[in-house]
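Peer 1: need coordinates for the below:
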Amino acid sequence: MSPAATDDSKKPAVKTEAVKPEVKAEAVKPKAAAKKKTTTTKKVDTPAEARRKNAEIARKVIKDKTKQTAIKPSYSTYPHIPSGSFAINDLIGGSMALDGKGQVCPGYPRRRLTEIFGPESSGKTTVALHAVVEVQQAGGLAMFLDFEHALDHAYAKKIGVSFDEDKLLLYAPDTFEEGLQIINIGLQAGVDLIVVDSVPSMVPKEDMEGKIDKEGRFGNLARALAKNLPKLVSWLNQDRYLARNKQGAAIIFLNQQRANIGGSKNNPTKTTGGYAMKFYTSLRLQFTGVSKEYVKRKNRLSGVMVSVPYGTNTRAKVVKNKIDAKQGATHTIFIRFGTGIDEVYSLIIAACHWGVIKKGGGGQYQYGGTTFKGRDKLRKFLLENPKVFKEIRKVLLSLVQGEAEDLEPEEDLTEEEILARSFDEEFGEEAGSEVELDDSEVELDSPDEPDDG
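Peer 2: Okay, the predicted model is just below:
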């Protein structure tokens with residue numbers, strides 16, 4: 001081996017890097033040959049269009065996920081059950097509907113809960129029975145739940161209630177739960193009206209089956225109502241409960257007043273069943289007896305002439321109304337013992353107040369140039385002449401509706417404006433020129449209560 005070879009073997013080996021293949025560079029096209037790109041500008045929606053698209057998306061997704069459709073507003077007359085009294089109809093929803101074709105709701109609203117309450121012998125059951133009569137006369141089906149087991153069938157028949165099984169479903173449930181099941185079945189069967197008489201008699205099963213000497217839990221009925229009233233409201237508006245009756249049913253609860261122990265002097269009474277009934281009802285009416293009408297009759301045992309009551313002037317007051325803005329409004333009706341609401345007597349009371357019938361001294365009444373001595377003779381005349389009765393009622397309702405439309409809500413005035421207005425009312429607008437008031441701002445005084453006598 002040669003010396004040169006040994007020297008080369010001692011040298012460290014040099015790493016040779018792998019030669020990368022040459023990448024051919026693409027020929028760059030001249031700018032002149034490049035194609036011009038077309039720029040498209042995205043259309044920006046206006047706020048109204050964006051809101052419309054968002055609402056449409058929300059409606060579609062909600063319907064897919066929950067099967068719920070959006071509710072459309074209604075400005076026509078609300079589906080209702082007539083009360084059998086023009087005064088109560090006007091009290092509930094006598095204002096003109098926004099479409100101008102009728103009243104808002106002249107009767108008990110369908111698909112809603114109504115509570116009628118008051119002291120004993122104030123006409124609660126009588127008023128409910130008149131609603132049953134209206135349903136039957138219109139060809140509908142009514143249900144009456146007699147929780148009190150005390151319905152006077154003879155009195156109901158005198159009012160006009162038909163006990164035909166195809167027109168009235170009459171039951172006397174023993175417990176709250178049993179009554180709720182009957183209501184559920186009635187709604188699915190397509191009844192038009194359900195009357196529950198009464199709330200304090202709806203004893204929960206726990207209390208009914210408990211021992212007499214064992215003290216039950218306090219507030220069982222209130223808990224049961226708070227739990228089940230939301231279900232009841234939902235049933236009234238679900239499609240499967242409206243399959244046999246598209247208009248829906250009206251439910252009327254009759255309630256009683258009890259002493260409010262520990263309450264203030266301004267609120268000495270309260271209704272039973274807790275607060276749930278107050279929240280879930282759309283209409284609450286309070287009936288209170290104002291005075292009684294008497295007639296002289298001979299006592300059949302002693303032969304002595306005595307004063308015997310034959311009817312009650314009853315005041316109906318709107319405590320809550322989510323149908324028409326009539327909170328606090330009142331009307332007086334006359335309930336004649338044995339026959340129910342005396343529509344003619346109630347009409348005479350209201351017509352005298354509005355001047356449709358002139359009331360003079362000595363118990364004289366005038367209408368159409370004819371004088372009647374005593375209200376009973378005028379009542380007899382109207383009963384024998386139904387056309388005259390309908391004419392007076394038509395005129396009276398037009399006066400009441402016109403007065404309601406002219407009334408304006410109270411304005412939020414400053415102290416300076418109030419002082420200026422009182423000055424103008426006292427001395428006339430020409431007396432002071434500092435403050436200018438529009439004639440349209442003058443408020444109209446609401447009429448006084450009808451004469452109960």
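Peer 1: mind listing the helices for the protein?
Peer 2: With DSSP state H, the ranges of helices along the chain come out as 3-10, 47-66, 86-93, 124-137, 153-159, 176-189, 205-209, 220-235, 276-280, 343-354, 375-384, 386-406, 415-427.
Peer 1: let me have these in JSON lines, extended by mean pLDDT, mean neighbour count and distance to R336.
Peer 2: C-beta here means a position set from N, CA and C on the backbone, and glycine is covered the same way. Converted to JSON lines, the helices of the chain look like this (pLDDT from 0 to 100; neighbours: other C-beta atoms under 10 Å; distance: least, C-beta to C-beta, whole Å):
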{"stretch": "helix 3-10", "mean pLDDT": "48", "mean neighbour count": "8", "distance to R336": "139"}
{"stretch": "helix 47-66", "mean pLDDT": "94", "mean neighbour count": "10", "distance to R336": "52"}
{"stretch": "helix 86-93", "mean pLDDT": "93", "mean neighbour count": "24", "distance to R336": "15"}
{"stretch": "helix 124-137", "mean pLDDT": "97", "mean neighbour count": "23", "distance to R336": "10"}
{"stretch": "helix 153-159", "mean pLDDT": "96", "mean neighbour count": "14", "distance to R336": "10"}
{"stretch": "helix 176-189", "mean pLDDT": "97", "mean neighbour count": "18", "distance to R336": "31"}
{"stretch": "helix 205-209", "mean pLDDT": "88", "mean neighbour count": "13", "distance to R336": "37"}
{"stretch": "helix 220-235", "mean pLDDT": "95", "mean neighbour count": "17", "distance to R336": "34"}
{"stretch": "helix 276-280", "mean pLDDT": "95", "mean neighbour count": "17", "distance to R336": "30"}
{"stretch": "helix 343-354", "mean pLDDT": "89", "mean neighbour count": "21", "distance to R336": "7"}
{"stretch": "helix 375-384", "mean pLDDT": "91", "mean neighbour count": "17", "distance to R336": "10"}
{"stretch": "helix 386-406", "mean pLDDT": "78", "mean neighbour count": "14", "distance to R336": "16"}
{"stretch": "helix 415-427", "mean pLDDT": "52", "mean neighbour count": "12", "distance to R336": "44"}
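Peer 1: ok, which of those helices comes nearest G363?
Peer 2: Distance to G363, taken as C-beta to C-beta, is lowest for helix 375-384 among the helices of the chain, at 7.0 Å.
Peer 1: center of this structure, which residue is that?
Peer 2: S282 (3.3 Å; C-alpha atoms, centre = their mean).
Peer 1: quick one, what contacts the closest residue to V388 other than its chain neighbours?
Peer 2: Nearest non-adjacent residue to V388, counting by C-beta to C-beta, 6 or more residues apart in numbering: L382, 6.1 Å away. Residues counted as contacts of L382 (C-beta atoms under 8 Å, 6 or more residues apart in numbering) are V344, L347, I348, V388, F389, I392.
Peer 1: of those, which pair is most distant in space?
Peer 2: The most widely separated members of these, counting by C-beta to C-beta, are I348 and V388 (11.9 Å).
Peer 1: reformat the helices of the chain as CSV; add distance to I252.
Peer 2: Formatted as CSV, the helices of the chain follow (distance: least, C-beta to C-beta, whole Å):
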stretch, distance to I252
helix 3-10, 118
helix 47-66, 31
helix 86-93, 12
helix 124-137, 6
helix 153-159, 15
helix 176-189, 12
helix 205-209, 23
helix 220-235, 12
helix 276-280, 12
helix 343-354, 19
helix 375-384, 28
helix 386-406, 23
helix 415-427, 43
